[in-house]
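[1] give me a 3D structure for the following:
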Amino acid sequence: MAIAAIKLDRYYLPSRIRTKNPSTDGGSCRLALADRIASLPGIRTQELGNDTLSCRVKVYLQEPTAAPLLCTIDVSGIEVYGLTEWDRHQVLRSGWGRLQRDHVLLYPPRDVEELDMCCGILKRAHQHLSKISSNAPCARKSPLRELPKFSRTTLQ
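    Numbering: from 1, shown residues only. Now for the predicted structure:
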C-alpha cells in the first residue's frame, strides 16, 4: 500500500541588500504595490485619515463571515498579517522585515525588484488567509424562536 507524500510548499526569499541606495522612483514603487494589492481577489480597503493624503490604509480580505486583516500600509512600511510560521521565518531571516507583536513589518520597496519580492510575500499571506477563512466553520445565526427549548423538570 502506497502512502501519498505531502509536498511542502516552501518559500525561499533571497537576502535583501541593506546598503542599497533607494532609487528615485521609490514613491512610484509604493503606488505600484498598492495597485498590485488592490488587484488581488476579494480585497477591501479602509483609509484611516482625514486628509486627501491618507497616512494609513488597512487592507482586508472580503469574506462573508468576517473580514480578516491582510495588511496595513503605512509610511514606515507594510504590516503583514496572516503569514505562516515558515514564511514569517523567511522574511525575518532574509532581512525583508522585522517582527512585531502579531505581524511582520515589511520594509517598503526601493525599486522594481524589491516590489516583486514584497508582492510575493503579500500573495503568500493572501493565500494563507484565504485558505484559513474558507476552512473556518460558519457560525449559524438562528433567531431565538428556532433555538431548542429545554425543560427543567426531571423525567423518571
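
[2] longest helix in this structure, by number of residues?
    Counting residues, the longest helix found in the chain (DSSP state H) is helix 112-135.

[3] list the contacts for Cys119?
    Applying C-beta atoms under 8 Å, 6 or more residues apart in numbering to Cys119 gives the contacts 33, 36-37. For every residue, glycine as well, the C-beta is placed using N, CA and C.

[4] kindly report the same for Gly82.
    Contacts of Gly82 (C-beta under 8 Å, 6+ apart): 68-70, 125-126, 128-129, 132.

[5] quick revisit: as a whole number, average confidence for the longest helix of the chain?
    The pLDDT scores in helix 112-135 average 87.

[6] kindly report the same for stretch 91-101.
    Mean per-residue pLDDT for stretch 91-101: 92.

[7] report the buried members of the contacts of Gly82.
    Among these, those classed as buried by neighbour count (16 or more other C-beta atoms under 10 Å) are 68-70, 125-126, 128-129.

[8] from these, pick the one nearest Val59.
    Nearest to Val59 among the buried ones among the contacts of Gly82 is Leu70, at 4.7 Å by C-beta to C-beta.

[9] can you flag which of the contacts of Cys119 belong to helices?
    Judged by DSSP H, helices contain the following of these: 33, 36-37.

[10] mind putting those into CSV with pLDDT and distance to Tyr81?
    Conversion of the ones in helices among the contacts of Cys119 to CSV gives the following (pLDDT from 0 to 100; distance: C-beta to C-beta, whole Å):
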residue, pLDDT, distance to Tyr81
Leu33, 85, 16
Arg36, 88, 17
Ile37, 88, 13
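
[11] list just the nearest of the residues you listed to Gln46.
    The shortest gap between Gln46 and any of the ones in helices among the contacts of Cys119 belongs to Ile37, at 12.9 Å (C-beta to C-beta).

[12] ok, the closest one - how many residues close by?
    21 (other C-beta atoms under 10 Å).

[13] pretty sure it contacts Ile121?
    No. Checked against C-beta atoms under 8 Å, the pair Ile37 and Ile121 is beyond contact range at 11.2 Å.

[14] understood, closing this out.
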